[in-house]
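Asks: Whatever this is, show me its structure:
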Amino acid sequence: MNVRRPTEADAPAVTELIAAMDTHFVGAPELTEEDLQDEWNDLELDRDAWLFELDGELAGYAALHTRAHTFVDGYVHPQHFGRGVGTRIAELTEEEARSRKVQAIRNAVLAADEHSRRAGMHQAFEAVVYEKPKPLPL
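Replies: Next comes the predicted model:
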């Protein structure tokens with residue numbers, strides 16, 4: 001597995017990866033490239049974000065947010081489930097958080113992502129289960 005830092009040029013591929021995961025679990029993408037760029041404006045990409053590649057393909061993305069709120073965003077392309085990408089994301093972001101002396105971080109887990117919910121995260125993580133809100137009746 002190759003791990004590297006993202007650049008602005010990676011934004012379309014990262015957006016596609018997140019869209020694939022959202023579509024897999026909630027039926028439709030929720031994040032636009034503009035949304036991702038807004039998130040990246042709050043990060044130092046060469047310090048706070050990572051891309052995970054398998055067989056020359058983008059397999060995962062993670063970002064460690066440590067400003068107003070401390071949390072991890074981690075995504076694995078459904079094509080690469082079961083290949084250790086999520087585990088590597090958890091390990092790397094936990095190591096990085098510890099090196100920054102972060103006491104605790106949160107990681108949201110989609111309610112439909114049973115594997116991640118069952119597997120849990122490493123001890124430094126507090127998993128918060130996220131369920132997509134149901135539309136209100138009109």
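Asks: how about the strands in the chain?
Replies: Here the chain has its strands, by DSSP state E, at 2-4, 49-54, 57-66, 70-76, 105-110, 125-130.
Asks: Residues contacting the longest one, please?
Replies: Applying C-beta atoms under 8 Å, 6 or more residues apart in numbering, the set of residues contacting strand 57-66 from outside is 1, 6, 10, 13-14, 17-18, 39, 42-43, 48-53, 71-77, 79-80, 83, 85-86, 88-89, 92-93, 96-97, 100, 102, 105. All C-beta atoms are positioned from the backbone trio N, CA, C, and that covers glycine.
Asks: Now it: buried residues?
Replies: By neighbour count on 16 or more other C-beta atoms under 10 Å, the buried set for strand 57-66 is 58-66.
Asks: pLDDT below threshold where in this structure?
Replies: For the chain, the stretches with pLDDT under 70 are 105-138.
Asks: same thing but 50
Replies: Counting by pLDDT under 50, the chain has low-confidence residues at 121-136.
Asks: Quick one: the helices in it, in order.
Replies: 11-26, 33-41, 45-48, 85-99, 114-119 (DSSP state H).
Asks: Only C-alpha atoms, please: export the second one in PDB.
Replies: Right, the one you point to is helix 33-41. Extracted in PDB, the C-alpha atoms of helix 33-41 (Å, rounded to 0.1, in the frame of the first residue of the first chain):
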ATOM      1  CA  GLU A  33     -15.700  18.900  -4.900                       C
ATOM      2  CA  GLU A  34     -16.500  22.400  -3.700                       C
ATOM      3  CA  ASP A  35     -17.300  21.000  -0.200                       C
ATOM      4  CA  LEU A  36     -14.000  19.100  -0.200                       C
ATOM      5  CA  GLN A  37     -12.100  22.200  -1.200                       C
ATOM      6  CA  ASP A  38     -13.800  24.000   1.700                       C
ATOM      7  CA  GLU A  39     -12.600  21.300   4.100                       C
ATOM      8  CA  TRP A  40      -9.100  21.400   2.600                       C
ATOM      9  CA  ASN A  41      -9.000  25.100   3.300                       C
END
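Asks: Can you get me the centre-to-centre distance for it and its chain?
Replies: From the chain centre to the centre of helix 33-41 is a distance of 14 Å (C-alpha atoms, centre = their mean, to the nearest Å).
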